[in-house]
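Undergrad: Dropping the sequence and predicted coords here.
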Amino acid sequence: MVLSPTFRSLHNANYRLYAGGNLVSNIGTWMQRVAQDWLVLLLTANSAAAIGITTGLQFLPILLLSPFAGVIADRIPKRRLLQITNVGMAAPALVLGALAVTGAVEVWHVYVLAFVLGISAAFDAPARQSFVSEMVEPADLSNAVGLNSASFNVARIVGPAVAGLSIALLGGGVTATGWVILANGLSYAAPIITLARLDGARLRVADLVPRGPGQILAGVSYVRSRPDLLLILAVVFFTGTFGLNFQMTSALMATEVFDKGPTEYGLLGTFMAVGSLAGSLIAAGRVRVRHRLVVGAAVAFGVIEVIAGLAPSYLTFALLAPLLGLAALTMITGANTFMQMNTDPGMRGRVMALYLMVFMGGTPLGSPLIGWVGEVYGARWTLIVGGLVTVLGVVVAAAIYVRTGHHHVVVWEARRARAEARRRDFAPVSGGR
C-alpha cells in the first residue's frame, strides 16, 4: 500500500500499532475532560474558579515533578514506564467515575483525584514524547510528531462530541458524567495492550542513562546553553499559561454568555479540534521547523483569542474556534518538533520534561488566574486577557532573542546538534528491545 508522504510514519508497524492504542485512549481522555468540567459546574453552581482550581491541580504535578520525571524517562525503558503510567492514570478515572455514578461524589473528590491523575501524567508525558524517536527513523521524526498531534486532535473532535451527547442522553446530571468518566478509565487498556505487542527488536532504544548525581542540573544546564531552545520555551510558557485555557473559557462562554447546555459546550471543543487537526496534518508534511513559525503561530493565536472574546453570538464564537485550533496546533507541533530534532538523544527525556514543565506546568498558575478574571469581570475577559498577555509575552521574548544576536549564532549550533543527534541515533545500541 502506497501512503501519502503526510502519513509516511504509518509504514512503521510499531508506530502504527502504538498510534492506534493512543487514539482510543485520547478519545477517552477528551471525554473525561468535558465530563469532569461539567461535573464541577454541577457541583459548584457554575463556579469558574472551581474549574480553574480543578485544571490547576491536574497540571500542578507536571510543574513539580517534570525534572525528576525526565531523569526517570532517560534512566529506565520508556515502553515499560508508559505501561505503568497508563495504569496510574486509569485508576483515579475509575474511582471518580464510580463516585459520580453512585451519587457520592463531592467537589473535593474531583480536586484530589485530578491531582492524583496529574502525578501519573507527569511521568507519562516526557516518556511518551521521547519514545516516538525510538519507533521511527530520524528522518520521519517530524512526521511522527505531526501524526501524534493529528491523532490527538481526531480524539478532540470525537471525544467532546461523544461526551456532550452522552451526558445529554443520560439526563445531564452527575450520574451521566460518571458513566462518561468510567469509559475513559477503561480506555487506558488500549495503550497498555498495544505497548505490550510492540516488536522490541525493531525499537531504536537509546542507551539508558546510569544513576548518578547532578542529572537534573545537567539537563537544565544543557537547555540554558541553547538560546534557540530557550526562545521556544518562552513562547510555550506564555501561550500555555495564559492562552490555552479553552477547556475552561469555552465552558464559561457556553453557559454564561450564550446560555447553552452540555451538547453545545461539547461541540465547541469539536469545532476547535477541526482546526487543530488541519494544523497537525500540515505539520506532518513539514520537513523543517523554524523559530519564526512557532513565534508567528503563537502571536496569531493570541490575536484570534481576543477576537473570540468579543464574538457577538454562539455561532460566531463557534466559527472562530477552528482558527484558534489551527494556530494553536501549528505552534504546539512546531515547538515540540523543534525541541526533539535539536536535542541530543541522551538528553531528550530531560529536555522534553523541561519543555512540558514550562508548557503545561504553567497551567496551575494561569488557570486559577484566568478563572478569577472570569469570576470578577465576566467570561469574555478570560479570552481577551489571555490573548493579550500571550501576544505581549511572545513578542517581548522574540525581541530579546533577536536583540541579543543569538539568532545568528544559533544556526550553526542547531546544525551541529542535528548532526550529532543523527550520528548517535544511527550508532549501534546495546540492549535493544
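TA: Perfect, thanks for sending it. Residues are numbered from 1 along each chain as shown.
Undergrad: dump the residue contacts of residue 401.
TA: Listed by C-beta atoms under 8 Å, 6 or more residues apart in numbering, the contact partners of residue 401 are 227, 230-231, 291, 407. Any C-beta I mention is one placed from the backbone N, CA and C, and that applies to glycine too.
Undergrad: typed the wrong thing, it's residue 42
TA: 173-174, 177.
Undergrad: Looking at those residues, state which has the most neighbours.
TA: In terms of neighbour count, residue 177 stands highest of those at 32 neighbours, by other C-beta atoms under 10 Å.
Undergrad: what does the model give that one for pLDDT?
TA: With respect to pLDDT, residue 177 has a value of 93.
Undergrad: Also residue 404?
TA: Note on residue 404: pLDDT of 75.
Undergrad: Kindly provide the distance from it to residue 191.
TA: Look at residue 404 and residue 191: by C-beta to C-beta, to the nearest Å, they are 42 Å apart.
Undergrad: Which one's more surrounded, these two?
TA: Just comparing residue 404 and residue 191: by other C-beta under 10 Å the higher neighbour count belongs to residue 191, 25 against 11.
Undergrad: ok now the one helix or strand the more buried one maps to, how far from the chain's centre?
TA: Using DSSP states H and E, residue 191 sits in helix 189-197. When distances are taken as C-alpha atoms, centre = their mean, to the nearest Å, helix 189-197 is centred 20 Å away from the chain's centroid.
Undergrad: Run through who's touching the very next helix or strand once past that helix.
TA: Under the assignment DSSP H and E, the closest C-terminal helix or strand after helix 189-197 is helix 215-224. Helix 215-224 has contacts (C-beta under 8 Å, 6+ apart) with 67-68, 70-71, 74-75, 209, 229-230, 233, 344, 347, 350-351, 353-354.
Undergrad: In contact with the residue most central in space within the chain, which residues are there?
TA: Closest residue to the average C-alpha location of the chain: residue 360 at 7.2 Å, with C-alpha atoms, centre = their mean. Counting by C-beta under 8 Å, 6+ apart, residue 360 makes contact with 59, 62-63, 125, 240.
Undergrad: hey, where'd the helices end up in the stretch 251-400 of the chain?
TA: 262-284, 291-309, 314-341, 348-361, 363-377, 379-403 (DSSP state H, counting those that start in this stretch).
Undergrad: quick one: buried residues of the fifth one?
TA: By neighbour count, with 16 or more other C-beta atoms under 10 Å as the criterion, the buried positions of helix 363-377 are 363-371, 373-375.
Undergrad: That one - contacts with which helices or strands?
TA: Using 3 or more C-beta pairs under 8 Å, 6 or more residues apart in numbering; DSSP states H and E as the contact test, the elements touching helix 363-377 are helix 48-75, helix 246-252, helix 379-403.
Undergrad: and the first one, how far out from the chain's middle?
TA: Remark: helix 48-75 is offset 12 Å from the chain centroid, using C-alpha atoms, centre = their mean.
Undergrad: Could you figure out how far that helix is turned away from helix 363-377?
TA: Here the directions of helix 48-75 and helix 363-377 differ by 170 degrees (axes from the mean of the first three to the mean of the last three C-alpha atoms, to 10 degrees).
Undergrad: who does helix 48-75 touch, helix- and strand-wise?
TA: helix 13-44, helix 107-135, helix 215-224, helix 246-252, helix 348-361, helix 363-377.
Undergrad: I'd like those helices written out as JSON lines, with distance to residue 270 added.
TA: Output for the helices and strands packed on helix 48-75, formatted as JSON lines (distance: least, C-beta to C-beta, whole Å):
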{"stretch": "helix 13-44", "distance to residue 270": "9"}
{"stretch": "helix 107-135", "distance to residue 270": "23"}
{"stretch": "helix 215-224", "distance to residue 270": "36"}
{"stretch": "helix 246-252", "distance to residue 270": "11"}
{"stretch": "helix 348-361", "distance to residue 270": "22"}
{"stretch": "helix 363-377", "distance to residue 270": "22"}
